[in-house]
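> Could you work out the structure for the sequence below:
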Amino acid sequence: MTTNVMDTSKNSSVVPMAIVAVLFFILGFATWLNGSLMPYLSQILQLTPFQGSLILFSFYIAVTFTALPSAVLIKKVGYKNGMALGMGCMMLAGLMFIPAAMSQFFPLFLLAQLVMGAGQTLLQTAVNPYVVRLGPEESAAVRISIMGILNKGAGVISPMVFTALILSNFTGTVGTDLSQQQVDDMANGLILPYLGMALFIGVLAFAVKKSPLPELINDEVEAINDKGEIRETLSHPNLVLGAIAIFLYVAVEVIAGDTIGTFALSLGIENYGVMTSYTMMFMVFGYILGIMLIPKFISQQAALTASAVLGIVITLCILFIDAQSYVIANAILVPLGGANLPDALLLIAFLGLANAIVWPAVFPLALSGLGKLTSTGSALLVMGIAGGAFGPVLWGLLSGFTSLQTGYSVLLPCYLFILFYAVKGHKMKKQ
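You can find the predicted model right below:
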């Protein structure tokens, strides 16, 4: 199925891009709350690293089951209605956190995360093709980077909001044995924020439904569940390898963004709730660099190669540095009035810089040459978000056997494959 907007002129693209920008912000805000929620629930419910990783697993595993059905639904109801339905699902998930908090029943939290992930998948599947199609293919990485700034900018803000509204009310609890009253108070502290988020997303869903967002035109309407179409899509090596690269990229992105708070909690850092913000800040900086440099000074492929190499180098530093050292902070941050954080945490945050350009570069490279199969290919790439489910679980399992710091060794094979895709994998086309 070939997709194009009704009118892709500069003026007609302004309103659609503005609407899409808001949606990317909402996606980021809801997604990166996990980085604060994971250590918060781990503290309240006394979760092991593996159990804590299930909070992320239940969120991202929804992609595996709902990506292709989301594309089927979008073909039936349209992209705009698909966006509204996705946000409606996210609203329901937000409301489910209320009984979960009141009961302190861990499986109910996981179910709410699963529903939130399903809503995010539907919204992602509907919104990403707009960004790719509202302009030339060679500059798609720049447009996706702009959306990424909003998405990851929301990732900077949401942990700060979580900390201000929730965590700030329970200072002095890190490293102490919580009483049942403290546990009850901390759990109930989730109710009003998630209620407010659910209501806001619901209002936004209604606004999108009534918005002037143009529908994408389907030049050839084919059922995505047709086995022949999926088989033909999978015959493109650059798409298949790109889906694997996206899977591994999301794994490292989620590990860097959402486990840093848990690692900080283990080091006795009181303000663990905002740690995700540091990773997101470096991602935003990376997106800005991408917008400035791609494609004028550096190609998408070269940027992807540099990102993979940087990820490998930073990961090796994380594994071999003293977790309690403060050399980087004392040399750079403290003189500038910044936070005095252990070097290991800062290095995990630096991974945000290495990760920033990966999705914007891989997505258009993987869809290159697909033509009428673009919609199906996009859905398969979105399924790669499931990497966010399995990456943290592997980190949690390895951490349980060794240490939280050693758990970050799971990043190395991921970055090595991304490097392969940047150098050779994206060039492998269907013969």
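> Against Gly384, how distant is Met90?
20 Å (CB to CB, to the nearest Å). C-betas here are computed from N, CA, C, even on glycine.
> Let me see the contact set for the nearest residue to Val284 once chain neighbours are set aside.
Counting by CB to CB, 6 or more residues apart in numbering, Lys152 is the residue found nearest to Val284 once chain neighbours are left out, at 5.0 Å. Contacts for Lys152 (CB atoms under 8 Å, 6 or more residues apart in numbering) come out as Gly28, Trp32, Met280, Met283, Val284, Tyr287, Gly352, Ala356.
> Give me the phi and psi for the closest residue to Thr305 other than its chain neighbours.
Closest residue in space to Thr305, ignoring its immediate chain neighbours: Ala422 at 4.1 Å, by CB to CB, 6+ apart. Note on Ala422: its backbone torsions stand at phi -70, psi -40 [degrees, to the nearest 10].
> give me the number of residues near Ala422?
Other residues within reach of Ala422, judged by other CB atoms under 10 Å, total 25.
> Surely it touches Gln301?
Yes. Counting by CB atoms under 8 Å, Gln301 is a contact partner of Ala422 at 5.9 Å.
> Overlap of the contact sets of the two?
Common contacts of Ala422 and Gln301 (CB under 8 Å, 6+ apart): Ala361.
> distance between the stretch of helix or strand Ile149 belongs to and the chain's centre?
Assigned by DSSP states H and E, Ile149 belongs to helix 140-165. Here the centre of helix 140-165 is set off from its chain's centre by 10 Å, with CA atoms, centre = their mean, to the nearest Å.
> could you show me where the helices are in the stretch 251-400 of the chain, in order?
260-266, 275-293, 300-320, 327-328, 343-355, 358-367, 374-383, 387-401 (DSSP state H, counting those that start in this stretch).
> Just the angle for the longest one relative to helix 275-293, thanks.
The one in question is helix 300-320. Note on geometry: by axes from the mean of the first three to the mean of the last three CA atoms, to 10 degrees, helix 300-320 and helix 275-293 are set 150 degrees apart in direction.
> and the angle for helix 300-320 with helix 140-165?
40 degrees.
> before we move on, what about the fifth one?
Interaxial angle of helix 343-355 relative to helix 140-165 (the same axes, to 10 degrees): 150 degrees.
> Over to the second one?
Following the same axes, to 10 degrees, one obtains 160 degrees for the angle between helix 275-293 and helix 140-165.
> mean confidence for helix 275-293?
Here helix 275-293 scores 88 as its mean pLDDT.
> Packing partners of the helix or strand hosting Ala18?
Secondary-structure element containing Ala18, defined by DSSP H and E: helix 10-31. For helix 10-31, the packing partners by 3 or more CB pairs under 8 Å, 6 or more residues apart in numbering; DSSP states H and E come out as strand 3-5, helix 79-103, helix 106-133, helix 140-165, helix 191-209.
> got those as JSON lines, with mean pLDDT and distance to Ile312 columns?
Below are these laid out as JSON lines (pLDDT from 0 to 100; distance: least, CB to CB, whole Å):
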{"stretch": "strand 3-5", "mean pLDDT": "47", "distance to Ile312": "36"}
{"stretch": "helix 79-103", "mean pLDDT": "93", "distance to Ile312": "35"}
{"stretch": "helix 106-133", "mean pLDDT": "87", "distance to Ile312": "27"}
{"stretch": "helix 140-165", "mean pLDDT": "82", "distance to Ile312": "21"}
{"stretch": "helix 191-209", "mean pLDDT": "91", "distance to Ile312": "37"}
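> The closest residue to Ala112 other than its chain neighbours and Met281, how far apart?
In space, not counting the residues next to it along the chain, Ala112 is nearest to Met96; the distance is 3.8 Å by CB to CB, 6+ apart. According to CB to CB, Met96 stands 30 Å off from Met281.
> and these two? which has more neighbours close in?
Neighbour comparison, Met96 and Met281: the larger count goes to Met96, with 20 against 17 (by other CB under 10 Å).
> distance of that one from Asp185?
Met96 sits at a distance of 21 Å from Asp185 (criterion: CB to CB).
> same check, this time on Ala205
In terms of CB to CB, Ala205 sits 32 Å off from Asp185.
> Which one's more surrounded, these two?
Counted by other CB under 10 Å, Ala205 and Asp185 do not tie: Ala205 has more neighbours, with 22 against 15.
> So that one is in contact with Ala84, correct?
Yes. Shown here, Ala205 and Ala84 form a contact pair, counting by CB under 8 Å, at 4.7 Å.
> what stretches of the chain score poorly on pLDDT?
For the chain, applying pLDDT under 70 flags the ranges 1-13, 132-141, 145, 214-228, 333-339, 431.
> Buried residues of the next helix or strand after the helix holding Ala18, list them for me.
Counting by DSSP H and E, the next helix or strand C-terminal to helix 10-31 is helix 34-45. Buried residues in helix 34-45, counted by 16 or more other CB atoms under 10 Å: Asn34, Gly35, Ser36, Leu37, Met38, Pro39, Tyr40, Leu41, Ser42, Gln43, Ile44, Leu45.
> From the residues you listed, pick the one nearest Ile269.
Looking at the buried residues of helix 34-45 and their distance to Ile269, the nearest is Pro39, at 9.6 Å (CB to CB).
> how close does that closest one sit to Met275?
In terms of CB to CB, Pro39 sits 8 Å off from Met275.
> and for these two, which residues touch both?
Taking CB under 8 Å, 6+ apart as the criterion, Pro39 and Met275 both touch Gly261, Ala264.
> residues touching Leu92, list them.
Counting by CB under 8 Å, 6+ apart, the residues that Leu92 touches are Val115, Gly119, Ala198.
> how close does it sit to Ile98?
When Leu92 is compared with Ile98 (using CB to CB), they lie 11 Å apart.
> Same question for Leu241.
Distance, Leu241 to Ile98, using CB to CB: 42 Å.
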